[in-house]
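[1] with the sequence up front, the predicted model follows.
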Amino acid sequence: MVRIAIIIGLLVGAGTTSAAEPDWLQSLRAREAKPTKTEEVRSPDGWFRASVPANPLGKVESEGGSYSLAFELAPGIQVSCELIRDGFDPASLLSKTAITSFELLEKAQGKIALRAVERTDAGRFDSSPFIAVDWLYRVDTPEGPKVGSLKQVAALKDGHGVYCAQNDVGYSKSFEALVRAFVQSLQVKDPPAPGIYEDISVVSFGGAKVGIATSAVSRDKDGDLRVQTSTAILLPVTSDTLRAQDEFNVQFVRPDGTLINALNVTASNGEIEADLKLDPLQDGGWQVSGQYKGKALEGRLEGEHAPTTMLQQAAVRKALLARPDPVGGENVEWQWIATDPLRLTEARLKVVGTAGEGLYKAHESAGPMQADSVLERATGFTQRVDMTLGPLAVTVERIYARGGF
């Protein structure tokens, strides 16, 4: 269930350039850890346990709702991880911890003369979304320049956050295997009940995977639905600078698909840009309240239309595609998005062709944003979205889905 408006706010930036690498650096990159037996780790309070293909170093430390762990990936090669019970904003966390990590590296190794984003990545470990970034840097030391590598991964599992980092050139596959095993095997005390639907999409920018978009639907004892969508995008804007954008939306929806209320939280580089609520008024209108761009915001939502919920969107699109000949069919929705919080954004869709068995092509617009999408006839859900920002292509492609409603 992807809305093209979630991508509004991305900035186009300069990318890194590559050159031929010396043999010694290629040799360092090729290093991997030897296979080792799987070891179990547990928190002292019994809240979690997990298994990883590496040797645990020391005890699990607990402080302020998070747990710190360390593993020996290979002799002298360490991986540090943190499990955060309340979760986190993945993109902002990676951006902030990169800054902190380079400050600590300078104190320990010497002045960092150069650093560059080598790679960004995004995907899933089973049903857990993740984003990752690799850095390459050069340190000036009395013995001469030295090259280092910082690898970072942030993942979410059942509302909890996992962050892992490794600071050595090479061991890329071994590091990913360790993080994957930790996330997949993670078991916590009193895990949340599974919802009725969830999905994960990968956001790519100019061919590079830079973020994730997720949806989750759960039902309460009264039959009302909680629809949560989130995005986390980590975009290189220069060779050594990242922009982090995290957005979190919740809609509380009646069984008939109509909206009860909603909230939106948007952060850029860890700074809250919007923290807004949408509540009904007695006369049938809607009230917006909260903080927006550092100031208090309160006002009536303009226009006579009701905000479209994600459930309504899926139901209308499913009905549209169920027609004997859906091509040419059109639909209009009214979306509440943080970029224009006191007005509803008109979103239009037109079915323009087929895209394979049970799939249809559509052209969509939301405000100034134009996109081409692929929709599933059976569900009305979006499988893929393609658009352009400046000279670069943006793609949001679903890679995982479970359940339905």
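    Arrived safely.
[2] can you get me a residue count around Thr38?
    For Thr38, the count of nearby residues is 10 (other C-beta atoms under 10 Å). C-betas here are computed from N, CA, C, even on glycine.
[3] now Lys318: which helix or strand?
    Using DSSP states H and E, the element containing Lys318 is helix 310-321.
[4] just the residues contacting that helix, thanks.
    Applying C-beta atoms under 8 Å, 6 or more residues apart in numbering, the contact partners of helix 310-321 are 1, 3, 215, 217, 225, 227, 229, 251, 253, 257-258, 326, 329, 331, 333, 349, 351, 360, 375-381, 405.
[5] would you confirm that Phe71 contacts Gly58?
    No: Phe71 lies out of contact with Gly58 (C-beta atoms under 8 Å); the separation is 9.9 Å.
[6] so for stretch 75-89, mean pLDDT?
    For stretch 75-89, mean pLDDT rounds to 94.
[7] and that stretch, how far out from the chain's middle?
    Between the centre of stretch 75-89 and the centre of its chain there are 17 Å (C-alpha atoms, centre = their mean, to the nearest Å).
[8] which residues touch stretch 217-230?
    1, 3, 6, 193, 195-198, 213-216, 246-255, 260, 309-311, 403, 405.
[9] filter those residues down to the ones in helices?
    Using DSSP state H, the members of the contacts of stretch 217-230 that fall within helices are 310-311.
[10] what's the ChimeraX syntax to select whichever of the contacts of stretch 217-230 are buried?
    To isolate the buried ones among these in ChimeraX, judged by 16 or more other C-beta atoms under 10 Å, type:
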select :1,3,6,195,197,198,213,214,215,216,246,247,248,249,250,251,253,309,310,311,405
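[11] mind listing which of the contacts of stretch 217-230 are in strands?
    Mapping the contacts of stretch 217-230 onto strands (DSSP state E) picks out 197-198, 213-216, 246-253, 260, 403.
[12] just give me the closest of the residues you listed to Gly367.
    Glu247 (15.8 Å; C-beta to C-beta).
[13] and the closest one, bridged to which residues?
    Thr231, Thr266 (DSSP bridges).
[14] thinking it is in contact with Ala338, fair?
    Yes: counting by C-beta under 8 Å, Glu247 touches Ala338, with 7.1 Å between them.
[15] if we can go back for a sec, of the contacts of helix 310-321, which belong to helices?
    Filtering those for helices - DSSP H - leaves nothing at all.
[16] can you list the strands that the helix or strand hosting Gln287 pairs with?
    Counting by DSSP H and E, the element that carries Gln287 is strand 286-292. Strand pairing for strand 286-292, using DSSP bridges, gives strand 271-280 (antiparallel), strand 295-300 (antiparallel).
[17] just for the chain, where's the confidence low?
    Applying pLDDT under 70 to the chain picks out residues 1-20.
[18] which of the residues in stretch 275-293 are buried?
    Neighbour-count burial for stretch 275-293 [16+ other C-beta under 10 Å]: 275-276, 278, 286, 288, 290, 292.
[19] which members of these are the farthest-apart pair?
    Asp275 and Trp286 (17.1 Å).
[20] which other helices and strands contact the strand or helix carrying Gln152?
    Gln152 belongs to strand 144-157 when assigned by DSSP H and E. For strand 144-157, the packing partners by 3 or more C-beta pairs under 8 Å, 6 or more residues apart in numbering; DSSP states H and E come out as helix 90-109, strand 112-125, strand 128-141, strand 160-166, helix 172-185.
[21] and these: which comes nearest Arg343?
    Closest among the helices and strands packed on strand 144-157, using C-beta to C-beta: helix 90-109, at 26.7 Å.
[22] now do the same end-to-end measure for stretch 139-149.
    11 Å (C-alpha to C-alpha, to the nearest Å).
[23] name the residues that touch stretch 346-358?
    When contacts are defined by C-beta under 8 Å, 6+ apart, stretch 346-358 is touched by residues 3-5, 308, 317, 320-321, 326-335, 360-367, 373-378.
[24] likewise stretch 122-131?
    Residues contacting stretch 122-131 (C-beta under 8 Å, 6+ apart): 90-91, 94, 120-121, 132, 153-157, 162, 179-180, 183-184, 198, 200, 202-203, 209-212, 214, 232, 234, 399-400, 402.
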